[in-house]
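> sharing a model prediction with you, sequence too.
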Amino acid sequence: MVCAASAACAQNTPPASPAQDPSLRDRILARVTGADAGSAQWTADQLAAMTRLRDAAMQDPYALDELRHLTDNIGPRLSGSPQAEQAVEYVASEMRALGAEVTLEKAMVPHWVRGAETGELTAWQGQTPGTTQKIVLTALGGSVATPAEGLTAPVIVVDSFDQLRALPPHAADGKILLFNHAFDKELAATGNGGQAYGNAVVYRGAGPIAAASVGAAAVLVRSVGGADFRLPHTGMTIYSEKVQKIPAAAVTAEDADLLKHLAAQGPVTMHLTLTPETLPDATGYNVIADWKGTEHPEQVVIVSGHLDSWDLGTGAIDDGAGVAVSMQTIHLLRQLNLHPRRTVRFVAWMSEEEGSEGAAAYLADHKADMGQHIGAIESDLGADHPTGIYYAGKPELGAWLRPVAQVLDPIGAAMLSLSPETGEDIAGLTLDSVPSFAPIQDSRFYFNYHHTAADTFDKVNPKHLNENAAIMAVLSYALADAAEPAPR
């Protein structure tokens, strides 16, 4: 999940207002009478097939096994890396083994290599003579390097852009500037992790531009997430050609608090070393696998996740899980011998984390047939319990989807919520009026691990992963086999 500098990136958007969605009374009457707007779209046999898909997804270990291989065997999959290349080859081979028609579609992607990253305090109030104090940090994606020997400079701390603007002229010249904006853990604990992330990630995204514009030599950003185990959180940052590019790193929440406390007592000096490299763009690939439709193979329903990941962990929840549950859709269609009217197209997107270059390449390659895309689904908010489906497009989609929601009710996933967006990689399709969808996933804990070294396979609950797989399989089949395409 990328979204470097915009709160609008959050998938966890508020439910539709009553004016946009049918009233509770109307929904109850529709359930009793069978008069849902979508009830005419699927026969009893089709709804039974959705039920079989749901139940098979809840029992089948395929997604879990695929996720374990992607994370434990292949490992982190940063764009341009050998692991990203290996992941493309592996997923393509798995899709071919299922009998899907596989295509690798080229996309030029960034190739950034992390290098060394260290920080230590060299002077502060009350320092024991002859000692230093370690600061735990990690370079932000795309960061430029310090000099090879590092840089030593005073530290200045602000909590917000407003505080930065209030500094006296030249107060930050030549200094290491820390943005100490805390992730709102209380907001995340109420199920609004996406909003909490969106509110904080602007500092990670725009921090280098803002700091450089006031003369800072480097920028530090308090980690964007809820982890309190001295885990630094990486992610893409943004530079502007109008200001100098300065080294950028995230520090742990604990060390951000330490720096603020010490800076309030007196001058603090830090030695910072970052040695990342930005190499020439590399050739990457989206993995496309088509389960061909029987009546309208030219009409496409996308089911997807992004294959790349950050390099601190192994990308289990961001977004190996999304790829694995999307792979399981094709697996279950084959296993249950289901061949819907339209093509179900699995996509493993490349380079979502560093700028969604794979998605951009797909839009360019498929511009002429965008009208044949009748639905797009993306999973990119982890693998915790899903409560239903986000949909972007016409408000009528909610009523149209209600029979599908009823199929998902036994696994606690019957909620339908209108959202302005459903995923970074399918955002371009949404803007082109393609109905788009995503599981509504529990976001209370996702940002404790997201973009950190703790994003590993053990964080995935197998039952919750299967629930997400059930949504992806049932929804993709429903879209692909409906009597008429979803309202557009």
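Received it, and whenever you're ready, just let me know what you need.
> can you tell me the closest non-neighbouring residue to Asp184?
For Asp184, ignoring the flanking residues on the chain, the nearest one in space by C-beta to C-beta, 6 or more residues apart in numbering is Ala196 at 4.4 Å. (Each C-beta comes from the backbone N, C-alpha and C, glycine too.)
> isn't there a helix covering that neighbour?
Yes. Secondary structure of Ala196 (DSSP: H, G, I helix; E, B strand; the rest coil): part of a helix.
> from memory it sits against Ala182, does it?
No. If you go by C-beta atoms under 8 Å, Ala196 and Ala182 don't touch, sitting 9.8 Å apart.
> quick one: which of the two has more around it?
Comparing Ala196 with Ala182 by other C-beta atoms under 10 Å, the one with more neighbours is Ala196, at 27 against 16.
> tell me the mean pLDDT for the one helix or strand Thr283 maps to?
Using DSSP states H and E, Thr283 maps to strand 277-291. Here strand 277-291 scores 98 as its mean pLDDT.
> strands paired with that strand, and their directions?
strand 101-113 (antiparallel), strand 342-349 (antiparallel) (DSSP bridges).
> mind checking these for the one nearest to Asp55?
For Asp55, the closest of the strands paired with strand 277-291 is strand 342-349, at 18.8 Å, according to C-beta to C-beta.
> which residues does the helix or strand that that closest one is followed by contact?
In the C-terminal direction, the helix or strand that comes right after strand 342-349 (DSSP H and E) is helix 357-365. When contacts are defined by C-beta atoms under 8 Å, 6 or more residues apart in numbering, helix 357-365 is touched by residues 79, 105-110, 284-286, 306, 308, 347, 349-352, 370, 424-429, 432.
> ok so, going back, run through the residues that contact the residue nearest to Asp184.
Contacts of Ala196 were listed using C-beta under 8 Å, 6+ apart, and they are 183-185, 187-188, 226, 447.
> highest neighbour count among those residues?
Phe447 (29 neighbours).
> which non-adjacent residue is nearest it?
The spatially closest residue to Phe447, leaving aside those adjacent along the chain, is Gly225, at 4.4 Å (C-beta to C-beta, 6+ apart).
> burial count for that neighbour?
Neighbours of Gly225 under the rule other C-beta under 10 Å: 29.
> so what does it have for phi and psi?
Torsion angles at Gly225 (phi, psi; degrees, to the nearest 10) stand at phi 170, psi 180.
> and for Gln299?
Phi and psi for Gln299, reported as degrees, to the nearest 10, are phi -90, psi 130.
> then Gln328?
Reported as degrees, to the nearest 10, the phi and psi values for Gln328 are phi -70, psi -30.
> how much space separates it from Tyr446?
Taking C-beta to C-beta, to the nearest Å as the measure, Gln328 and Tyr446 are separated by 20 Å.
> ok, these two, which is more surrounded?
The neighbour comparison of Gln328 against Tyr446 (other C-beta under 10 Å) goes to Gln328, with 31 against 25.
> related to what we said a few turns ago, deepest of the strands paired with strand 277-291, which one?
Mean neighbours per residue, mean count of other C-beta atoms under 10 Å, is largest over the strands paired with strand 277-291 for strand 342-349, with a mean of 27.
> what strands line up against the helix or strand where Ile377 lies, and which way round?
For Ile377, the element it lies in under DSSP H and E is strand 373-378. Each strand paired with strand 373-378, and its direction, by DSSP bridges: strand 296-306 (parallel), strand 436-441 (parallel).
> dump those to JSON lines, plus mean pLDDT and mean neighbour count.
Shown next, in JSON lines, are the strands paired with strand 373-378 (pLDDT from 0 to 100; neighbours: other C-beta atoms under 10 Å):
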{"stretch": "strand 296-306", "mean pLDDT": "98", "mean neighbour count": "24"}
{"stretch": "strand 436-441", "mean pLDDT": "98", "mean neighbour count": "29"}
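> Val221 is in contact with Val201, isn't it?
No. With contact defined as C-beta under 8 Å, Val221 does not count as touching Val201 (9.4 Å).
> picking up where we left off before, and the strands paired with strand 373-378 as a markdown table, adding distance to His385?
Formatted as a markdown table, the strands paired with strand 373-378 follow (distance: least, C-beta to C-beta, whole Å):
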| stretch | distance to His385 |
| --- | --- |
| strand 296-306 | 17 |
| strand 436-441 | 7 |
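> out of the ones you listed, which is closest to Leu53?
Judging the strands paired with strand 373-378 by C-beta to C-beta, what sits closest to Leu53 is strand 296-306, at 12.1 Å.
> what angle sits between that closest one and helix 357-365?
Put simply, strand 296-306 runs at 160 degrees to helix 357-365, going by axes from the mean of the first three to the mean of the last three C-alpha atoms, to 10 degrees.
> from here on, call the first residue 3.
Let's use 3 as the start, then, which means that last one is strand 298-308.
> could I get the CA-only coordinates of strand 298-308 as CSV?
Output of strand 298-308 as CSV, limited to C-alpha atoms (Å, rounded to 0.1, in the frame of the first residue of the first chain):
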residue,chain,number,x,y,z
HIS,A,298,-18.3,-12.8,-23.5
PRO,A,299,-14.6,-13.6,-23.1
GLU,A,300,-13.7,-10.0,-24.2
GLN,A,301,-15.5,-8.7,-21.1
VAL,A,302,-13.2,-8.7,-18.1
VAL,A,303,-13.5,-8.7,-14.3
ILE,A,304,-10.2,-8.0,-12.5
VAL,A,305,-9.3,-9.7,-9.2
SER,A,306,-6.0,-8.5,-7.9
GLY,A,307,-3.3,-7.6,-5.4
HIS,A,308,0.2,-6.1,-5.8
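> can you map out the helices along the stretch 103-252 of the chain?
Assignment of helices within the stretch 103-252 of the chain using DSSP state H, counting those that start in this stretch yields the ranges 163-167, 187-191, 195-215.
> please identify the most buried of those.
Mean neighbour counts were taken over the helices of the stretch 103-252 of the chain using mean count of other C-beta under 10 Å, and the top value, a mean of 24, falls to helix 195-215.
> quick one, domains of the protein?
Domain assignment for the chain by automatic domain parsing gives 9-114+282-483, 117-277.
> which one of the ones you listed has the poorest average confidence?
Lowest mean pLDDT within the domains of the chain: domain 9-114+282-483, a mean of 92.
> give the contact list for the closest residue to Lys136 other than its chain neighbours.
In space, Lys136 comes closest to Glu122 once its chain neighbours are excluded; the distance is 5.4 Å by C-beta to C-beta, 6+ apart. Contact analysis of Glu122 by C-beta under 8 Å, 6+ apart lists 134-137, 272-273.
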